[in-house]
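J.: Got a predicted structure here, sequence first:
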Amino acid sequence: MSIAAKISAAELVGQVTDRYVNQYYEGILINAPGVTYQPGITTDADFLLDEVVEGTGGYYRQVIKYASGDVGTYADDGVALATKATVFAHDGGGTTMDFTHAALIKGTGNVVALGSNTARPTAAVNGTYTNIPVVTGQNGVGLTVDLTVTGSGVTLGDYSLTIVKPGYKYVAGDLLQIQEATLVSLGVVTAGAGSLTFSVGTATTGGGAVLAVAQTESAVALSAGNEAAFYWNLKQYGFYTV
């Protein structure tokens, strides 16, 4: 005789929390006309070979992260996560951003923590400066930080950094820099003061698995500075009753 299995709301919430909270995912665009992604049949690695080339029309992966506050309560036979958006903006140049699918994949190389400061400008203006782009000589892309300067920036400890966008393709130990030209443009330092140098402390590893795929009705050629936005609504289903 078969027996109906039931799962508690608390267990279902726990499963969603364990799987998604503090995890990073990357929104990507795929240009594969005529291809239909089929979970369990399509090979992820082959599918990802058709990702739009970085920089084409301003294309870069968009990173999202789930926090504990993104986990909903049990309703409608499941537990939903907060809706997350990935927005791809065309750079306004002459090259179109062509794609047929949007996908969400497990993140890798997303910066979780920064390492210590290793070199600093000679002096700086106290204050907080937001969403500053970071450069690296390695493969990482897209990291931005907030910078707070105290003590007129005369010691390494006077520069405090907070991650805003975690980027992707970084590895622990990568050398990072906020260039002097950027600091000058923000009013942090004067010309000749030098750059701020630090490193990646920890970054995510082992990503790349496809979580979800949305296929467009027809091929898209994004141009003229327009944007394409995709909203991800993930939900873990289960049967709960009292």
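T.: Thanks, I have it. Residues are numbered from 1 along each chain as shown.

J.: C-alpha from now on. contacts and neighbour counts both.
T.: OK.

J.: May I ask which helix or strand encompasses residue 10?
T.: helix 9-20 (DSSP states H and E).

J.: For the helix or strand following that helix, the averaged confidence score.
T.: Note on helix 9-20: by DSSP H and E, the next helix or strand toward the C-terminus is strand 24-30. Mean pLDDT, computed over strand 24-30, is 98.

J.: all helices in the protein, in order from the N-terminus.
T.: Along the chain, the stretches classed as helices by DSSP state H are 9-20, 44-48, 180-185.

J.: Dump those to CSV, plus mean pLDDT.
T.: Shown next, in CSV, are these (pLDDT from 0 to 100):
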stretch, mean pLDDT
helix 9-20, 93
helix 44-48, 96
helix 180-185, 98
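
J.: how about TSV for the ones you listed, with distance to residue 167 added?
T.: Shown next, in TSV, are the helices of the chain (distance: least, CA to CA, whole Å):
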stretch	distance to residue 167
helix 9-20	18
helix 44-48	18
helix 180-185	18
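
J.: closest one to residue 80 among the ones you listed?
T.: helix 9-20 (8.4 Å; CA to CA).

J.: returning to that earlier point: point out the one among the helices of the chain that comes closest to residue 205.
T.: Nearest to residue 205, of the helices of the chain and by CA to CA, is helix 9-20 at 15.1 Å.

J.: Kindly tell me how buried residue 76 is, as a neighbour count.
T.: Other residues near residue 76 number 11, with proximity taken as other CA atoms under 10 Å.

J.: Of all the residues in stretch 163-175, which ones are buried?
T.: In terms of neighbour count (16 or more other CA atoms under 10 Å), stretch 163-175 has its buried residues at 163, 165-172, 174-175.

J.: What strands line up against the lengthiest strand in the chain, and which way round?
T.: Across the chain, the strand with the greatest residue count (assigned by DSSP state E) is strand 210-222. Sheet partners assigned to strand 210-222 using DSSP bridges are listed as strand 97-106 (antiparallel).

J.: Any chance you could give me the partner strand in CSV, C-alpha atoms only?
T.: C-alpha atoms of strand 97-106 as CSV (Å, rounded to 0.1, in the frame of the first residue of the first chain):
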residue,chain,number,x,y,z
MET,A,97,24.5,42.4,-28.6
ASP,A,98,22.9,39.4,-30.2
PHE,A,99,21.3,36.6,-28.2
THR,A,100,18.6,33.9,-28.2
HIS,A,101,18.6,32.8,-24.5
ALA,A,102,19.2,34.1,-21.1
ALA,A,103,20.5,31.7,-18.5
LEU,A,104,21.3,31.7,-14.8
ILE,A,105,24.3,29.7,-13.8
LYS,A,106,26.1,29.0,-10.5
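
J.: Fine by me, we can end here.
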